[in-house]
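**Q** any chance you could fold what I've pasted below:
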Amino acid sequence: MAMRGLTVFIADIRNCRVRELEEKRINKEMANIRTKFKEGSLSGYDKKKYVCKLLYMYILGWDIDFGHMEAVNLISSNKYSEKQIGYLGITLLMHENSDLVRLVVNSIRKDLDDNNEIHNCLALHAIANIGGREMAESLAGDVHRLLVSPNSKSFVKKKAALTMLRLFRKHPDVIPAPDWAERITNIIDDYDLGVCLSVTSLITALAQQYPEAFMMAIPKAITRLHKVIVERDFSADYVYYKIPIPWLQVKLLRLLQYFPPTEDPNMAEMLHNVLQTIINNSQETPRNVQHNNAQNAILFEAINLAIHMDCESDIVRQATNILARFILSKETNVRYLGLETMAHLAAVTDELDEIKKHEETIILSLRDKDISVRRRGLDLLYSMCDVSNAKTIVSELIRYLHIADYALREEMVLKIAIMTEKYATEHSWYVDVILQLISSAGDHVGEEVWYRVVQIVTNHENLQEYAAKMVLHYMRSPHCHENMLKVGGYILGEYGHLIANLPGASPIEQFNTLHARFGLCSLATRALLLSTYIKFINLFPEIKGAILAVFNQYRHVLDAELQQRACEYMAIATMPTDDLLQTVCEEMPQFPERESALLSRLNEKTNMTEDKRTWNIGGKDSNEKTPANLLAAKEKNENGNVDDLAAALGNAGINTPSAADEATPKAGLSWKDQLAPGYEVWYNRLRDGTDGVLYEDSILQIGIKSEYHGHLGRLAMYFGNKTHTQLNSFSVTVESPEGLVIASSHTLATSIGPSTQIQQLYSLECQQILTDVPLIRISYQAGSIQSIYLKLPVTLTRFIEPIQLASADFFGRWKQIGGPPREVQAIFKSSERINLEKARSVLVNNRMGICDNVDPKPGNFVATGVLNTSLSGKVGCLLRLEPNRETDMYRLTIRTTSDVVSKHLKEILQSALL
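**A** All right, here's what the predicted structure looks like:
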């Protein structure tokens, strides 16, 4: 229903020709609204109408100091129109620190819990717009619940994801991202691409701060990209100018750049197909501008990911040719992206020859009409600079510095200074360039630049005389900048004596050159020059009189710093002896080697965006501490070196384990404390067998089949959906004990159809002696996220090969091994009547070879075997089992060549015999 009073009020305001008439009408309406609010007993319609009028006044710029409570009351209304205006009112009139925020928290929570999706959305809008800490702490859990709930509509999930993103950016410490990582990441598999897009934006932000917790997003992102780009599995609603949901493609490609390259061969192959398909699709240039823009956005992000994965790959070589074409494009956007992506390549690759072929084109980009293109050209020149082309690039940049934009000059000065220092082959060239830089762009030379010059000159003795001579030359120019005076003051004070005998560089000439500009300097520079003068007295006593006159003059100035220095220096210089003067003016020691402050300053200027950079502008050494590289280094330290293992598995014809599938402990999971109730029944049945059911409930059945040979094994797992609905977000994670490597043969499907079954094959390798069994976690979505934790029956005995020994050989080796610690013995009572056939089957199922007629006592068992490991070698195993059928007790004696194996073999067999 239209609000006639509001319509009339807006018309009256628009008809006011001057501000005075508008103010008069506003004051009249405010007085009327105040009166109505004080009277009370207003209907919901009237409250809504008056709040709308107040909001209109607020939007026009008038201060509104009442009506807040009426807006809060409207939120509690059951009518959508009234609730909507209430939420609009608090969104506009309240800020995050408003005292009234706590009054609306309960109303917002009630709407979040409501079954009405429209009410959910209004509440989410208010949270995202106000976004205060108190609101985040109180309602973040409710927002998360709406996001992961299987009952939430797609449009509610999208708003919940973006609301969570807003809260995280505003108050990152309030969101327990690692605890929610799994459930949030599973939403990437959502059938609705819009939900996937929203949650990918959220995960990209979270992964930058918690990369380890969101490692599970890697396979899901690659699988989703493969479905959209290669399999063409998408809804027609999300096609934008023949490109399927380009925003999602770009976000997923960027998300993967925050993680180290995947080591899973199946995932790597899928990703290669995705990138190759994108490259192939870009060969034809679309005529439509929107189509072209979407295609280029995906292409450049794909190239960035390819560079991140492997900068020497065939895809990157293809991309280099594409970039060479793009930096010559007539379109400004394409040139910009081409230069930026080529700068990324130059920043991480060792081979710059292909990029150097386009050096002239890149230098010409410095004169582009668009400043953003000029910036990218500067970044690319900085990244591609090395010893071979440093002089060319630096000379071009200095020549361009005179006509460059003022906004660009400070950054250019920093980069020129860094390149000159980093790639200088001659110290004299370094000094020439930096002094020329200070002379020509002094206003844009920061303190860090001349500080660094001083450090380098001080630390290189062969540079000091040349630097003193050149700085004296530049100070005599008509337009000497104050920064040049600072450098000259320091260098001449320390090393002026090295050039004192040269024509035009006598002590008095050095002093006169400095003092001629003394009165035009800032107070800080004058203080520095006073220190230079006291050093001159120590170096050149013949000019002491001229300098003392300066000290005497500045003993009475108003500035405390200058006055103190002048007084102290005057006192030192006029002492009867020069002992204190020589001590105070000793030559400066060398500065300790440390990272250049110029690099820190440059990184401050380039890291000011919302998202963290996936690469840094500069050479390869500048990219050693990117988020992905730091995470990869940490994983490498935790997992150790697997190169030898990869070679061994390759020879055996088994797939190499990957970072995604290799069993690694997951942070924050105490799996042994979460094992499924009753798992022991199935586990004990399979402990002595090779195939059967590992777990079963009303939803899922899990079966296994296995075979072993030497130190290698194969394990097939079957997952059956017993229900008539699809199981989504299905994933399997394995945690392997130390010494056992587990690799999957392919990527597991993320869903199981009704009454269907999927399987996963694993390759096993026993590298060292096993002291524990693998743990497995199966998670899926059936209404809510369900997780099952189980033990896999892969014990030490699986890698034993049975052997047969004659009586003499057995007892000979038995004596050779000797007693403890290699011998362990256990005497225990059976839980049931002793059955000799069962005892024999236990030994056989644990892969021990029964040696008949070796033990002189009938009914006793003698068994032998060899434990195989790929890295720790072989371990011989001998045992004697002596059953006492009268007392139903066993005596088990084990001797092996490893005390660790003896202990664990005893535990396994004793548990099976009980």
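**Q** what about residue 91, which SS state?
**A** Judged by DSSP: H, G, I helix; E, B strand; the rest coil, the three-state class of residue 91 is helix.
**Q** need the contact list for residue 846.
**A** 688, 795, 797, 800, 908, 909, 912 (C-beta atoms under 8 Å, 6 or more residues apart in numbering). For every residue, glycine as well, the C-beta is placed using N, CA and C.
**Q** same thing but at 10 Å, please
**A** Contact analysis of residue 846 by C-beta atoms under 10 Å, 6 or more residues apart in numbering lists 687-688, 795-798, 800, 802, 863, 865, 879, 905, 908-909, 912.
**Q** can you check residue 84 too?
**A** Neighbouring residues of residue 84 by C-beta under 10 Å, 6+ apart: 48, 74, 75, 77, 118, 119, 122, 125.
**Q** quick check, pLDDT for it.
**A** pLDDT for residue 84: 91.
**Q** got it, and residue 712?
**A** 92.
**Q** coming back round to it: filter the contacts of residue 846 down to the ones in helices?
**A** Of the contacts of residue 846, the ones assigned to helices by DSSP state H are 687, 905, 908, 909, 912.
**Q** need those in a markdown table (columns: pLDDT).
**A** As requested, the ones in helices among the contacts of residue 846 are exported to a markdown table (pLDDT from 0 to 100):
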| residue | pLDDT |
| --- | --- |
| 687 | 76 |
| 905 | 91 |
| 908 | 89 |
| 909 | 90 |
| 912 | 86 |
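**Q** wait, which of those is closest to residue 185?
**A** Lowest distance from residue 185 to the ones in helices among the contacts of residue 846 (C-beta to C-beta) belongs to residue 687, with 33.8 Å.
**Q** hmm, residue 914 and the closest one touching each other?
**A** No - shown here, residue 687 and residue 914 do not form a contact pair, counting by C-beta atoms under 10 Å, at 12.0 Å.
**Q** quick one: the helices in the stretch 501-650 of the chain, in order.
**A** Applying DSSP state H, counting those that start in this stretch to the stretch 501-650 of the chain gives helices spanning 507-515, 523-539, 544-553, 560-573, 579-584, 597-606, 627-639, 643-652.
**Q** show me the shaky parts of this protein.
**A** In the predicted model, the chain carries pLDDT under 70 at residues 1-2, 442, 594-611, 613, 618-673, 783-784.
**Q** so can I have CSV of the ones in helices among the contacts of residue 846 showing distance to residue 314?
**A** Converted to CSV, these look like this (distance: C-beta to C-beta, whole Å):
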residue, distance to residue 314
687, 48
905, 50
908, 50
909, 54
912, 54
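**Q** picking up where we left off before, now the contacts of residue 846: which count as buried?
**A** Among these, those buried by neighbour count (16 or more other C-beta atoms under 10 Å) are 687, 795-798, 800, 802, 863, 865, 879, 905, 908-909, 912.
**Q** for the residues you listed, give me CSV that also has distance to residue 483.
**A** Converted to CSV, the buried ones among the contacts of residue 846 look like this (distance: C-beta to C-beta, whole Å):
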residue, distance to residue 483
687, 78
795, 73
796, 72
797, 77
798, 74
800, 77
802, 83
863, 86
865, 80
879, 84
905, 77
908, 77
909, 82
912, 82
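**Q** so which of those is the closest to residue 576?
**A** residue 796 (88.6 Å).
**Q** so the closest residue to that closest one other than its chain neighbours: helix, strand or coil?
**A** Distances taken as C-beta to C-beta, 6 or more residues apart in numbering place residue 770 nearest to residue 796, at 4.6 Å, with adjacent residues excluded. Here residue 770 takes the coil state, with states given by three-state DSSP.
**Q** can you give me the strands for the stretch 751-900 of the chain?
**A** Here the stretch 751-900 of the chain has its strands, by DSSP state E, counting those that start in this stretch, at 757-766, 775-782, 784-791, 800-802, 823-829, 849-850, 861-868, 874-884, 889-896.
**Q** wait, which of these is closest to residue 41?
**A** strand 784-791 (46.3 Å).
**Q** buried residues in the closest one?
**A** 788, 789, 790, 791.
**Q** now the second one: how far from residue 879?
**A** Spatial separation of residue 789 from residue 879 under the definition C-beta to C-beta, to the nearest Å is 33 Å.
**Q** how about the last one?
**A** The spacing between residue 791 and residue 879, counted by C-beta to C-beta, is 24 Å.
**Q** please apply the same query to residue 830.
**A** Taken as C-beta to C-beta, the span from residue 830 to residue 879 is 17 Å.
**Q** do residue 698 as well
**A** Counting by C-beta to C-beta, the gap from residue 698 to residue 879 is 42 Å.
**Q** same question, residue 312
**A** From residue 312 to residue 879 the distance is 54 Å (C-beta to C-beta).
**Q** which residues does residue 549 contact?
**A** Applying C-beta under 10 Å, 6+ apart, no residues contact residue 549.
**Q** typo on my end, residue 715
**A** 690, 704-708, 734, 742, 744, 760-764, 774, 792-794, 798 are the contacts of residue 715 under C-beta under 10 Å, 6+ apart.
**Q** buried members of those into PyMOL, please.
**A** Selecting only the buried entries of the contacts of residue 715 in PyMOL, with 16+ other C-beta under 10 Å as the criterion:
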select buried, resi 704+706+708+734+742+744+760+762+763+764+774+792+793+794+798
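**Q** just to revisit the earlier point, now which of the contacts of residue 84 would you call buried?
**A** 48, 74, 75, 77, 119, 122, 125.
**Q** residues contacting the last one?
**A** Residue 125 makes contact with 84, 87, 88, 91, 159, 162, 163 under the criterion C-beta under 10 Å, 6+ apart.
**Q** quick one: which of those has the most company?
**A** residue 163 (28 neighbours; other C-beta atoms under 10 Å).
**Q** list the contacts for it?
**A** Neighbouring residues of residue 163 by C-beta under 10 Å, 6+ apart: 121, 123-129, 131, 136, 139-140, 143-144, 146-147, 198, 202.
**Q** which element is it on?
**A** Assessed by DSSP states H and E, residue 163 sits inside helix 154-170.
**Q** closest one to residue 100 out of the contacts of residue 84, please.
**A** For those, the nearest to residue 100 is residue 75 (11.4 Å; C-beta to C-beta).
**Q** gap between that closest one and residue 110?
**A** 9 Å.
**Q** joint contacts of those two?
**A** Counting by C-beta under 10 Å, 6+ apart, the contacts common to residue 75 and residue 110 are 119, 123.
**Q** returning to what we had before: can I get the contacts of residue 84 in TSV with secondary structure and distance to residue 208?
**A** Putting the contacts of residue 84 into TSV (DSSP: H, G, I helix; E, B strand; the rest coil; distance: C-beta to C-beta, whole Å) gives the following:
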residue	secondary structure	distance to residue 208
48	helix	43
74	helix	39
75	helix	35
77	coil	41
118	helix	33
119	helix	33
122	helix	30
125	helix	25
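**Q** how about the strands in the stretch 51-200 of the chain?
**A** Going by DSSP E, counting those that start in this stretch, the stretch 51-200 of the chain shows no strands.
**Q** for the residue nearest to residue 739 when sequence neighbours are not counted, give me its contacts.
**A** Among residues not flanking residue 739 along the chain, residue 768 sits closest, at 3.3 Å (C-beta to C-beta, 6+ apart). Going by C-beta under 10 Å, 6+ apart, residue 768 touches 711, 737, 738, 739, 740, 741, 869, 870, 871, 872, 873, 900.
**Q** could you redo the last one with a cut-off of 7 Å?
**A** Residue 768 makes contacts with 738, 739, 869, 871, 872, as judged by C-beta atoms under 7 Å, 6 or more residues apart in numbering.
**Q** same question, residue 792
**A** 773, 774, 776.
**Q** any idea which of those is closest to residue 510?
**A** Looking across the contacts of residue 792 and measuring by C-beta to C-beta, the closest to residue 510 is residue 774, at 77.7 Å.
**Q** hmm, that closest one is touching residue 735, no?
**A** Yes - counting by C-beta atoms under 7 Å, residue 774 does reach residue 735; the two are 6.5 Å apart.
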